[in-house]
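1. Based on what follows, work out the 3D shape:
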Amino acid sequence: MPGCGSAAAGGRGPAAERVFAYGAAAGLVADRLLGDPRRGHPVAAFGRAAGAVERVLWRDHRGWGALHTAVCAGGAVTVAALAARGVRGVRGVRGIRGVRGVRGIRGIRGVRGVREVGGARDLWGVRDVRVARGDTAAAPAPPASPGALAPVALTAAATWAVVGGTSLGREARAIGEALAAGDLGLARQRLPHLCGRDPQALDGGQIARAVVESVAENTSDAVVGALVWGAVAGVPGLVGFRAVNTLDAMVGHLSPRHRRFGWASARLDDLAGWPGARLTAALAVVAGGDPRGALRALRADAHRHPSPNAGPVEAAFAGALGVRLGGTLAYAGRVEHRPVLNGEGRPVEVPDIERAVRLSGRVSALALMTCVAGRFAYGALRHAAERRTTSAGKGRGA
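-> Purely as a prediction, here's the structure:
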């Protein structure tokens, strides 16, 4: 994965992997503990700005819609990149590139026996650090530099702002509790908080099915996809993915106003969501209660869904939970007849909502571990290639 998850938008060295790992984990913990803020949410602020841009640019034309997408998504990525570049310049981060490891200190990988650590003065105020080869005496750990923590804090804040796993589970459970209590009116009232279907046309079983489908799809859109792009492109990747996904929710649908204007946002969202959806589906197979059933449904039914990204995710969740998803549904007065996913499964019941939320949580945790591992693996391969290139250059110079 290309590296932008470091102290900067595109930092080099082991710090890049660690910054993403620590920052993304901290952001998910913050989402778990705090959820989304009720006021002043950055995504809501972006939505208001995008709405204002739409009022200026709207024309019933794909080209104007593409301009709207470029202005809004490009602006969000630019702001994130400038923020990442700003924390790179914080004093205390410099010098990390010069630290290549010390052979005598156990537990540090990539040790090559460097006798002198350059740039240490910038990190800890030490003028010169010398460690003899093979010396196993561990020096006291230096205090963490405020500058070194800034990239982690920025990554954590961005992750917390763009993921929505806790709010997703909270809304799904609230609807499930209303259905379990027999309060169909309350369930219908809350359903629009989770998806765009017409609640008045749905009975209790159809509402439960809509909730499970929304939990499946939003596990990819609200959590996994953001982590994938965070691993690929750091803070700009996190923010850019959420911007694109938000634009798709605002204008990327088939209403008369947005059929052409929202085309670019919808296609860009399909492209940005592709890797996260496949990872979500694969992890649902692994984390679900029926891996064989999930894999069977994924292979048989994913391609039948009209959405290239919702199809694999919903099919995998359906198989993992042993339920049947898809079929007839209504959006804002439009009735759609979608293919059934996992036709061998049983109809969705109210307790399946809680099972879907728990599966979503397991998939999200596995996604974090997978993205961190992928980021470290890419970094190791890149560093190995750089060392080979450097060695080859020295050989030619000799």
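2. contacting residues for the closest residue to residue 79 other than its chain neighbours?
-> The shortest distance from residue 79 to any non-neighbouring residue, by Cβ to Cβ, 6 or more residues apart in numbering, is to residue 239 (7.4 Å). (Glycine included, C-beta is placed from N, CA and C.) Counting by Cβ atoms under 8 Å, 6 or more residues apart in numbering, residue 239 touches 76, 77, 79, 80, 158, 161, 162.
3. ok, and the most crowded of those residues?
-> Greatest neighbour count in the contacts of residue 239, by other Cβ atoms under 10 Å, goes to residue 162: 30 neighbours.
4. how about that one, what does it touch?
-> By Cβ under 8 Å, 6+ apart, residue 162 lies in contact with 43, 226, 238, 239, 241, 242.
5. In helices only, show me these.
-> Within those, residues falling in helices by DSSP state H are 43, 226, 238, 239, 241, 242.
6. Any chance of TSV for these, columns distance to residue 189?
-> Converted to TSV, those look like this (distance: Cβ to Cβ, whole Å):
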residue	distance to residue 189
43	23
226	29
238	32
239	32
241	30
242	27
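7. Please check the residues you listed and keep the buried ones.
-> Neighbour-count burial (16 or more other Cβ atoms under 10 Å) applied to those gives 43, 226, 238, 239, 241, 242.
8. Next, the contact list for the third one, please.
-> So that's residue 238. Residue 238 is in contact with 80, 155, 158, 159, 162, 226, 229, 230, counting by Cβ under 8 Å, 6+ apart.
9. For these, please prepare a markdown table with the additional fields pLDDT, distance to residue 186 and secondary structure.
-> Formatted as a markdown table, those follow (pLDDT from 0 to 100; distance: Cβ to Cβ, whole Å; DSSP: H, G, I helix; E, B strand; the rest coil):
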| residue | pLDDT | distance to residue 186 | secondary structure |
| --- | --- | --- | --- |
| 80 | 97 | 38 | helix |
| 155 | 97 | 38 | helix |
| 158 | 97 | 35 | helix |
| 159 | 98 | 32 | helix |
| 162 | 96 | 29 | helix |
| 226 | 98 | 30 | helix |
| 229 | 98 | 36 | helix |
| 230 | 97 | 36 | helix |
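10. which of the residues you listed lies closest to residue 328?
-> residue 226 (31.3 Å; Cβ to Cβ).
11. low-confidence ranges in this protein?
-> For the chain, applying pLDDT under 70 flags the ranges 1-14, 89-147, 330-334, 395-398.
12. now the strands for it?
-> Ranges of strands in the chain, per DSSP state E, are 325-331, 334-341.
13. Using a markdown table, lay out those together with mean neighbour count and distance to residue 255.
-> Shown next, in a markdown table, are the strands of the chain (neighbours: other Cβ atoms under 10 Å; distance: least, Cβ to Cβ, whole Å):
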| stretch | mean neighbour count | distance to residue 255 |
| --- | --- | --- |
| strand 325-331 | 18 | 9 |
| strand 334-341 | 15 | 9 |
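14. Among the ones you listed, which comes closest to residue 264?
-> Closest among these, using Cβ to Cβ: strand 325-331, at 20.8 Å.
15. Sheet partners, orientation included, of the closest one?
-> Looking at strand 325-331 with DSSP bridges, its partner strands are strand 334-341 (antiparallel).
16. Send me the partner strand as CSV with only the CA atoms.
-> Provided in CSV are the C-alpha atoms of strand 334-341 (Å, rounded to 0.1, in the frame of the first residue of the first chain):
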residue,chain,number,x,y,z
ARG,A,334,-40.3,3.9,-6.0
VAL,A,335,-40.7,0.1,-5.7
GLU,A,336,-37.7,-2.1,-6.5
HIS,A,337,-37.7,-5.8,-6.9
ARG,A,338,-34.2,-6.9,-6.1
PRO,A,339,-32.8,-10.4,-6.4
VAL,A,340,-33.0,-12.5,-3.2
LEU,A,341,-29.6,-13.1,-1.5
